[in-house]
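Trainee: my questions are about this predicted structure, shown below with the sequence.
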Amino acid sequence: MPDSDKVFAGSVPENYDRYIVPLIFQPYADDMARRVAARAPQAVLEMAAGTGAVTRAVAAVLAPDATYMVTDLNQPMLDHARSRQGGDPRLSWRHADAQQLPFSDGSFDVACCQFGAMFFPDRVQAYREARRVLKPQGVYLFSIWDGIDHNVFAKDVTDAMAEFFPDDPPRFLARTPHGHGDTALIRREVLEAGFSNVTIETRREQSRALSARIVAMSYCQGTPLRGEIEARRADALDAATACAEKVIIARHGAGEISAKIQAHVIEATP
């Protein structure tokens, strides 16, 4: 995975939160919050929190006396999440690498991570760290996108980029967010990290947008795909976004649109 796949800076955090979160993340964030709440935890750790979609959902269902440590390796994303959350004495914020967590063994009842594992250079090490900081009866809850063929708008945009840059198409979406959906591999890596029990549920949802323009903006300007576009041609962002919009309109129409999204939700216990 190129280092550029992990760059969420400049206007990306704001666009990510404005466009991508409601487009594809919110239904899974709500599901994650329900799973966390079912454990009635006193101490929760979130890794790769991004702009706080899960943070906001989980905070809404935690007990008043619970503690919630929110972390991310990308400081601009974490800063944006914190600005959205407002004052909440239960929450603490920390810049942290999921592969080297700065917490003591057995500190948390629940560790959660929504759509962050695909960005970990060493997923097994990150899973091992999650296990280390969990209490003996704790649970690790995380989600991974299924392959790009099961996530229609992401595939539409990837196809549009192949049309726009035929000699060197940007492949960020297929390579990283949607490149790690093999459930057999997920299970094997989690068990290798030392977990004893692994449950994987594949959840299909609908992605909805008021227009094709919103979908194009979401992926082209709210993810590291933007960096790939600009690396190929510095002045191409608007034109590439327009190309993605055109492809999406051709496939789904010019008005309000919807399409399938699919992800795996994993529950692992020591």
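Mentor: Thanks, I have it. Predicted model only: the values in this text are computed from it and were never measured.
Trainee: what are the ranges of the strands in the stretch 151-270 of the chain?
Mentor: For the stretch 151-270 of the chain, the strands defined by DSSP state E, counting those that start in this stretch occupy 197-209, 257-269.
Trainee: ditto for the stretch 1-150 of the chain
Mentor: 43-46, 67-72, 91-95, 108-114, 134-145.
Trainee: what distance separates the start and the end of stretch 87-104?
Mentor: Stretch 87-104 has an end-to-end distance of 26 Å (criterion: C-alpha to C-alpha, to the nearest Å).
Trainee: same check, this time on stretch 127-140
Mentor: With C-alpha to C-alpha as the measure, stretch 127-140 spans 9 Å from end to end.
Trainee: quick one: that stretch to chain centroid distance?
Mentor: Mean-position distance between stretch 127-140 and its chain equals 20 Å (C-alpha atoms, centre = their mean, to the nearest Å).
Trainee: repeat for stretch 18-34
Mentor: With C-alpha atoms, centre = their mean as the basis, stretch 18-34 stands 9 Å off its chain's centre.
Trainee: so which bits of that stretch are buried?
Mentor: Neighbour counts using 16 or more other C-beta atoms under 10 Å place 18-29, 31-33 of stretch 18-34 among the buried residues. (Each C-beta comes from the backbone N, C-alpha and C, glycine too.)
Trainee: then stretch 201-216?
Mentor: Residues of stretch 201-216 classed as buried by neighbour count (16+ other C-beta under 10 Å): S207, R208, A209, S211, A212, R213, I214, V215, A216.
Trainee: the third one and L23, how far apart?
Mentor: To tie it back to what came earlier, the one meant is A209. Counting by C-beta to C-beta, to the nearest Å, the gap from A209 to L23 is 6 Å.
Trainee: OK, contacts around V265?
Mentor: By C-beta atoms under 8 Å, 6 or more residues apart in numbering, the contact set of V265 is Y28, D31, M32, R35, L141, F142, S143, I200, E201, T202, R203.
Trainee: list of residues touching the lengthiest helix in the chain?
Mentor: For the chain, the longest helix by residue count, based on DSSP state H, is helix 237-252. Helix 237-252 is contacted by residues 153, 156-157, 159-161, 163-165, 212-213, 215-217, 219-221, 226, 229-230, 257-259 when judged by C-beta under 8 Å, 6+ apart.
Trainee: now that helix against strand 197-209, angle please.
Mentor: For helix 237-252 against strand 197-209, the angle by axes from the mean of the first three to the mean of the last three C-alpha atoms, to 10 degrees is 90 degrees.
Trainee: wait, doesn't L45 sit right on M69?
Mentor: Yes - the criterion here is C-beta atoms under 8 Å, and L45 meets it with M69 at 4.9 Å.
Trainee: of those two, which one has the most company?
Mentor: Set L45 next to M69 and count neighbours by other C-beta atoms under 10 Å: L45 wins out with 29 against 23.
Trainee: what about that one, distance to A63?
Mentor: With distances taken as C-beta to C-beta, L45 is found 16 Å from A63.
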